[in-house]
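Trainee: show me how the following folds:
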Amino acid sequence: MRICIYEDQRTSQLEPLTLTRPASDLLCGLDSLGEKQARYFGAEVVGYLCRPQLVEVLRERYPSCPVNDPGWLRSAPTVLVNARWLPPMPAGPRRAPASRRRFVGGSSFGTCRGETAFAALDSGYLQTLAPETIEDCLADFRQSLPSHDAGGTLVEYAWDLIEANPDQMERDFTALCSTGDRGHHPTSLVIIGPADRLFVHPSARIDPMVVADTSRGPVWIGPNAVVTSFTRLEGPCAIGAGTQLFGAKIRTGTTIGPQCRIGGEVECSIVQGFTNKYHDGFLGHSFVGEWVNLAAGTITGDLRFDYQSIAMRVSGRRISTGRLKLGSIIGDHARTGLSVLLDCGTTIGAFASLLPTGRYSPREVASFTRYGPEGTTLLTDLEAVLKGAAAAMQRRGKGLTPALEKLYQATAGDCCANSLVPVPDLRIRKSA
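Mentor: Here you go, the predicted structure:
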């Protein structure tokens, strides 16, 4: 079984999170959309059709996966999977053979709310496919091929992932955690609720006076995680590999990705990974990218005082989300200063910096800009920006690779070209 994950035009509605990664890498539940898709089909090989600026990053991140490789794509029947598709669950390993039998053996489409969730195609249909033609080709094929309801959800906006996260954790826990692995925990951990809804990796360190409340959902603690005293974990929640919690209150519906440093209160949010929120402050109903730093006292509002639906700006359009609770969507490498206040429905772009002003920050802060008491300015010194990114990554044992640097430069160029803030020049300024 082979699948090839592709992105459609609506991926742009997931920005700023998808400015620096494919949509399939976004977390929901215990793992990413792409991992769920591969598990659903029981795929032994996963390939990608992606935007040109992501090619080198994906090849570096997944060296065994074909990326924008027409020869591989056309060599055998393949299931093309929309990167935004959240498959129906459960989708554990025991379900994989059934998935193969259902979708292999003839070309067909799986649809979700009228859109393409996946297309199982034999080699003949794959000969004309390319990253720049895939949507047109799929639209043509769909006119002549049988289709059926694939189930699941097509993620349209980032808040869809936040809303789906609690239920997805329940389903992922059932699919990924065998009965024999559940319930084992150090005596220092106090459990409220069923013990069989707790998973603690043997390499995780749990200090005394930590509480895991499984009465509303499972609690999952990954390898090498560190949970210090006076931390409370309310399921469903997931703590990623190598993440450290410092007396934190992790409320229900929260996924913390790998290698984060988290303190204060986090409620019903997704943190992609490698993010620092060490100090007190509130993060609620939000999606935070990688390499973000939220300084002490940073607070995200997630509920309007009049209890009305929250609106957000997406691709230049103001959209009513239909949600009573929604915090902030924060792109990679964004930073806040001390006691920054974020209103509900805020979008913060990649590499944006927010300084304290004593009032709410704007509800839309563009990528590669700085907001503070003097207003909004564009970050044009890319050498300094990339140097800061490299320093942050080194603190987690990672490096700013040439592929990532090239991606960030291309993203900066695109974002600044579309910015309303005047900029005379955009370049990397080399030190003398």
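Trainee: from now on I want contacts and neighbour counts done on CA atoms only, so please keep to that.
Mentor: OK.
Trainee: for this protein, which segments are assigned as helices?
Mentor: For the chain, the helices defined by DSSP state H occupy 33-41, 55-61, 70-73, 96-103, 123-126, 134-142, 158-176, 382-394, 402-417.
Trainee: from memory residue 73 sits against residue 124, does it?
Mentor: No: with contact defined as CA atoms under 8 Å, residue 73 does not reach residue 124; the gap is 10.9 Å.
Trainee: more crowded one of the two?
Mentor: Higher neighbour count among residue 73 and residue 124: residue 73, with 25 against 12, using other CA atoms under 10 Å.
Trainee: contacting residues around that one?
Mentor: Residues in contact with residue 73 (CA atoms under 8 Å, 6 or more residues apart in numbering) are 4, 126.
Trainee: likewise residue 254?
Mentor: Contacts for residue 254 (CA under 8 Å, 6+ apart) come out as 165-166, 236-238, 266-270.
Trainee: do residue 12 as well
Mentor: 18-19, 315.
Trainee: got JSON lines for those, with pLDDT and distance to residue 51 too?
Mentor: Formatted as JSON lines, the contacts of residue 12 follow (pLDDT from 0 to 100; distance: CA to CA, whole Å):
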{"residue": "18", "pLDDT": "97", "distance to residue 51": "11"}
{"residue": "19", "pLDDT": "96", "distance to residue 51": "10"}
{"residue": "315", "pLDDT": "84", "distance to residue 51": "18"}
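Trainee: out of those residues, who's nearest residue 399?
Mentor: Of all these, residue 399 sits closest to residue 19, with 19.2 Å by CA to CA.
Trainee: pLDDT wise, what is the closest residue to the closest one other than its chain neighbours at?
Mentor: Of all residues not flanking residue 19 in the chain, residue 411 sits nearest, at 6.9 Å (CA to CA, 6 or more residues apart in numbering). The model reports residue 411 with a pLDDT of 92.
Trainee: does residue 411 touch residue 18 like I think?
Mentor: No: Residue 411 is beyond contact range of residue 18, at 10.6 Å (criterion: CA under 8 Å).
Trainee: for the record, mean pLDDT for stretch 277-285?
Mentor: 97.
Trainee: still on that earlier bit, select from the contacts of residue 254 the one having the most neighbours.
Mentor: residue 237 (33 neighbours).
Trainee: now stretch 396-403: mean pLDDT?
Mentor: Taken as a whole, stretch 396-403 has a mean pLDDT of 94.
Trainee: residues of that stretch that come out buried?
Mentor: For stretch 396-403, a neighbour-count test (16 or more other CA atoms under 10 Å) marks 400, 403 as buried.
Trainee: now the contacts of residue 254 in JSON lines, with pLDDT and distance to residue 79?
Mentor: Conversion of those to JSON lines gives the following (pLDDT from 0 to 100; distance: CA to CA, whole Å):
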{"residue": "165", "pLDDT": "98", "distance to residue 79": "26"}
{"residue": "166", "pLDDT": "97", "distance to residue 79": "28"}
{"residue": "236", "pLDDT": "98", "distance to residue 79": "32"}
{"residue": "237", "pLDDT": "98", "distance to residue 79": "32"}
{"residue": "238", "pLDDT": "98", "distance to residue 79": "30"}
{"residue": "266", "pLDDT": "98", "distance to residue 79": "38"}
{"residue": "267", "pLDDT": "98", "distance to residue 79": "36"}
{"residue": "268", "pLDDT": "98", "distance to residue 79": "33"}
{"residue": "269", "pLDDT": "98", "distance to residue 79": "31"}
{"residue": "270", "pLDDT": "98", "distance to residue 79": "29"}
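Trainee: show me the strands in the stretch 1-150 of the chain, by range?
Mentor: Ranges of strands in the stretch 1-150 of the chain, per DSSP state E, counting those that start in this stretch, are 2-6, 27-28, 31-32, 45-49, 78-82, 85-86, 108-112, 115-121, 147-149.
Trainee: which stretch among the ones you listed approaches residue 274 most closely?
Mentor: Once the strands of the stretch 1-150 of the chain are compared by CA to CA, strand 27-28 is nearest, at 13.0 Å.
Trainee: partner strands of that closest one, with direction?
Mentor: strand 31-32 (antiparallel) (DSSP bridges).
Trainee: pull the helix or strand with minimum mean pLDDT from the protein.
Mentor: helix 96-103 (a mean of 47; mean pLDDT, DSSP states H and E).
Trainee: of the contacts of residue 254, which belong to strands?
Mentor: 237-238, 266-267, 270 (DSSP state E).
Trainee: need the residues you listed in JSON lines with distance to residue 404, can you?
Mentor: Shown next, in JSON lines, are those (distance: CA to CA, whole Å):
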{"residue": "237", "distance to residue 404": "30"}
{"residue": "238", "distance to residue 404": "27"}
{"residue": "266", "distance to residue 404": "29"}
{"residue": "267", "distance to residue 404": "31"}
{"residue": "270", "distance to residue 404": "23"}
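Trainee: just those residues now: which is nearest residue 199?
Mentor: For those, the nearest to residue 199 is residue 238 (9.5 Å; CA to CA).
Trainee: that closest one against residue 221, yeah?
Mentor: Yes: counting by CA under 8 Å, residue 221 is a contact partner of residue 238 at 6.0 Å.
Trainee: overlap in contacts, those two.
Mentor: Overlap of the contact sets of residue 238 and residue 221 (by CA under 8 Å, 6+ apart) is empty.
Trainee: related to what we said a few turns ago, which one of the strands of the stretch 1-150 of the chain lies nearest to residue 196?
Mentor: Checking those against residue 196 by CA to CA gives strand 31-32 as the closest, at 20.3 Å.
Trainee: what's the spacing between that closest one and its chain's center?
Mentor: Using CA atoms, centre = their mean, to the nearest Å, the distance from the centre of strand 31-32 to the centre of the chain it belongs to is 8 Å.
Trainee: so what touches it?
Mentor: Strand 31-32 is contacted by residues 24-26 when judged by CA under 8 Å, 6+ apart.
Trainee: return the member of these nearest to residue 42.
Mentor: Closest approach between those and residue 42, by CA to CA: residue 24, at 16.3 Å.
Trainee: which pLDDT does the model give that closest one?
Mentor: 98.
Trainee: so it sits against residue 33, correct?
Mentor: Yes: taking CA under 8 Å as the definition, residue 24 is a contact partner of residue 33 at 4.9 Å.
Trainee: cool, thanks, signing off.
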